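1. Got a predicted structure here, sequence first:
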Amino acid sequence: MDSLDSIREAVLGQIAAAQDADALEAVRVSVLGRNGQLTALLKGLGALTQDERKVRGAALNVLKTEIETALGGAKAKHEGAALDKRLAQERIDVTLPVKADSDGRIHPISQTIDELIGIFGEMGFTVAEGPHIEDDFYNFTALNIPPEHPARQEHDTFYLTPRAADGSRKVLRTHTSPVQIRTMQSQKPPLRIIVPGRTFRSDHDATHSPMFHQVEGLVIDKNIHMGHLKGCLIEFCRTFFEIDDLPVRFRPSYFPFTEPSAEVDIGCSREGGGLKIGAGADWLEILGSGMVHPKVLANCGLDPAEYQGFAFGMGIERIAMLKYGIPDLRTFYESDLRWLRHYGFASLDVPSLITGAR
Ligand code: PHE
């Protein structure tokens with residue numbers, strides 16, 4: 001028994017002293033391997049009497065378990081240390097701040113979309129999307145736009161060839177309104193969505209680009225009325241332009257897919273040649289809106305007696321130009337780095353309802 005105590009002491013000492021997994025394995029082999037010290041003792045049991053074997057065997061097994069436990073503990077410790085070492089070597093500091101002198105800028109269109117999502121997000125709207133290449137049905141027919149409507153003319157709309165079997169052609173969507181239809185078809189009310197995205201018309205001059213951006217809004221629920229439309233859009237205009245008492249006017253208008261329809265104007269002053277948003281004698285049109293036409297609801301399988309809603313659409317370039325004093329629409333797409341450095345936004349300039357854009 002004495003010899004077992006000294007073996008125990010020696011082996012546990014070697015295990016504790018082993019510096020790495022290889023050293024530990026060498027200890028294991030020397031004790032428990034085929035020619036190991038303890039293996040030899042276990043083999044020796046056969047030469048003993050039955051009584052001797054019982055006592056000696058039990059003691060050897062206790063020692064074996066003890067050594068195996070110590071080996072397992074030391075192995076886990078070495079593996080943990082190796083992993084810690086590797087993690088420390090391979091560490092990537094994801095909190096590293098961006099270089100303060102970085103030249104990167106957020107384009108005013110992206111910035112304005114972020115602000116729109118921020119403002120309407122606070123009002124409970126989510127973002128919906130739809131395809132740029134649209135069916136005639138979604139872009140026109142479902143929206144109650146009649147065949148003779150000017151928007152359907154070749155000189156306004158980019159049509160794609162070839163024609164489908166029914167004679168219709170795909171179009172580059174001329175507004176974000178088709179996403180109203182797609183959303184009403186695929187989701188159940190209540191709905192509250194905005195749709196920021198690209199739109200296309202065959203226009204090109206100082207104030208029109210063949211590609212531009214719109215944001216659509218759609219709210220559908222039971223008992224939605226013109227008061228909701230007005231409250232929502234007044235709140236939006238004042239928050240976006242950061243003017244608490246900004247005058248907002250609703251002017252009767254016409255869109256095939258809304259009834260009644262209203263153009264929304266904000267107060268401004270043109271005194272002295274410049275344009276100043278806020279109080280003043282003048283008005284500036286910024287968006288189109290209206291109560292969703294009963295025919296449009298019915299086209300989407302909704303019962304107009306049960307559900308009502310309002311919709312709006314505005315040009316993103318236009319509101320960005322007004323808010324940030326950008327004079328020429330065409331400059332948005334010229335990719336002139338000097339322009340982007342001047343009108344762009346720093347990457348960490350997160351717009352918020354409290355601080356606004358900067
Ligand atoms: N789609 C219209 C346009 O492009 C805007 C609009 C959207 C008007 C929704 C009313 C309701 O001019």
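-> Happy to help now that I have it. Numbering: from 1, shown residues only.
2. can you pull out the helices in the chain?
-> Secondary structure of the chain (DSSP state H): helices at 2-17, 21-32, 37-44, 50-89, 108-122, 136-139, 178-186, 226-241, 294-299, 316-324, 337-343.
3. how much space is there between residue 110 and residue 6?
-> 76 Å (C-beta to C-beta, to the nearest Å). No exception for glycine: its C-beta is placed from N, CA and C like everyone else's.
4. just to revisit the earlier point, I'd like the helices of the chain as CSV, with distance to residue 259 appended.
-> Listed next are those as CSV, based on distance: least, C-beta to C-beta, whole Å:
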stretch, distance to residue 259
helix 2-17, 86
helix 21-32, 78
helix 37-44, 93
helix 50-89, 64
helix 108-122, 23
helix 136-139, 19
helix 178-186, 14
helix 226-241, 11
helix 294-299, 7
helix 316-324, 24
helix 337-343, 38
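5. Can you pull the residues of the stretch 201-350 of the chain lying near the ligand?
-> 216, 255, 258, 288-290, 311-313 (C-beta under 6 Å from any ligand atom).
6. Show the pLDDT at residue 346.
-> In this prediction, residue 346 carries a pLDDT score of 83.
7. how about low-confidence regions in the stretch 251-358 of the chain?
-> Of all residues in the stretch 251-358 of the chain, those with pLDDT under 70 make up the ranges 348-358.
8. Can you name the residue of it nearest the ligand?
-> Using C-beta to the nearest ligand atom, the closest approach of the stretch 251-358 of the chain to the ligand is made by residue 313 at 2.7 Å.
9. Tell me, how many residues neighbour that residue?
-> Residue 313 has 22 neighbouring residues, counting by other C-beta atoms under 10 Å.
10. about what we covered before: residue 331: which of the residues of the stretch 201-350 of the chain next to the ligand is nearest?
-> The closest of those to residue 331 turns out to be residue 313 (C-beta to C-beta; 23.3 Å).
11. Touching, that closest one and residue 173? I think so.
-> No. Residue 313 is beyond contact range of residue 173, at 11.8 Å (criterion: C-beta atoms under 8 Å).
12. Return the distance of the residue in the stretch 101-250 of the chain positioned nearest to the ligand relative to residue 5.
-> In the stretch 101-250 of the chain, the residue that lies nearest the ligand is residue 175 (3.4 Å; C-beta to the nearest ligand atom). According to C-beta to C-beta, residue 175 and residue 5 sit 90 Å apart.
13. Report the contact partners of the residue of the stretch 251-358 of the chain closest to the ligand.
-> For residue 313, the contacting residues are 175-177, 214-217, 287-289, by C-beta atoms under 8 Å, 6 or more residues apart in numbering.
14. Put together CSV for the residues you listed, with neighbour count on each row.
-> CSV is the format used below for those (neighbours: other C-beta atoms under 10 Å):
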residue, neighbour count
175, 25
176, 25
177, 29
214, 23
215, 22
216, 23
217, 26
287, 21
288, 21
289, 24
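15. Inside strands: which ones of the residues you listed?
-> Using DSSP state E, the subset of the contacts of residue 313 located in strands is 214-217, 287-289.
16. Please say which of residue 110 and residue 6 ends up with more neighbours.
-> residue 110 (16 against 9).
17. For residue 148, what are phi and psi?
-> Residue 148 adopts backbone torsions of phi -90, psi 0, taken as degrees, to the nearest 10.
18. Bridged to the residue nearest the centre of the chain, which residues?
-> Central residue of the chain (C-alpha atoms, centre = their mean): residue 127, 9.6 Å from the mean position. With DSSP bridges applied, residue 127 shows beta-bridge pairing to residue 194.
19. Flag every buried residue along stretch 283-301.
-> 283-284, 286-294, 296-297, 299-300 (16 or more other C-beta atoms under 10 Å).
20. now stretch 11-29
-> 11-12, 14-15, 18, 24, 27-28.
21. same thing with stretch 194-209?
-> Result for stretch 194-209 [16+ other C-beta under 10 Å]: buried residues 194-197, 199-201, 209.
22. Would you point out the most distant pair within those residues?
-> Top of the distance list for these (C-beta to C-beta): 194 and 209, 21.5 Å.
23. if I look at residue 259, how far off is residue 183?
-> Plainly put, residue 259 is 19 Å away from residue 183 if you go by C-beta to C-beta.
24. quick one, which of the two is more surrounded?
-> The neighbour comparison of residue 259 against residue 183 (other C-beta under 10 Å) goes to residue 183, with 21 against 15.
25. how far away is the more buried one from residue 290?
-> Residue 183 sits 17 Å away from residue 290, going by C-beta to C-beta.
26. can you check residue 4 too?
-> Counting by C-beta to C-beta - residue 4 and residue 290 are separated by 94 Å.
27. and if you look at residue 130?
-> According to C-beta to C-beta, residue 130 and residue 290 sit 20 Å apart.
28. hang on, the earlier thing: any chance of the buried residues of stretch 194-209 in TSV, plus pLDDT?
-> Converted to TSV, these look like this (pLDDT from 0 to 100):
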residue	pLDDT
194	98
195	98
196	98
197	98
199	97
200	96
201	93
209	90
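29. Can you lay out these as TSV showing distance to residue 140?
-> Putting those into TSV (distance: C-beta to C-beta, whole Å) gives the following:
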residue	distance to residue 140
194	22
195	17
196	21
197	17
199	14
200	14
201	13
209	21
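30. and of those, the nearest to residue 106?
-> residue 196 (14.5 Å).
31. That closest one: what's it in contact with?
-> Here residue 196 is in contact with 113, 116-117, 127, 176, 213-215, 316 (C-beta under 8 Å, 6+ apart).
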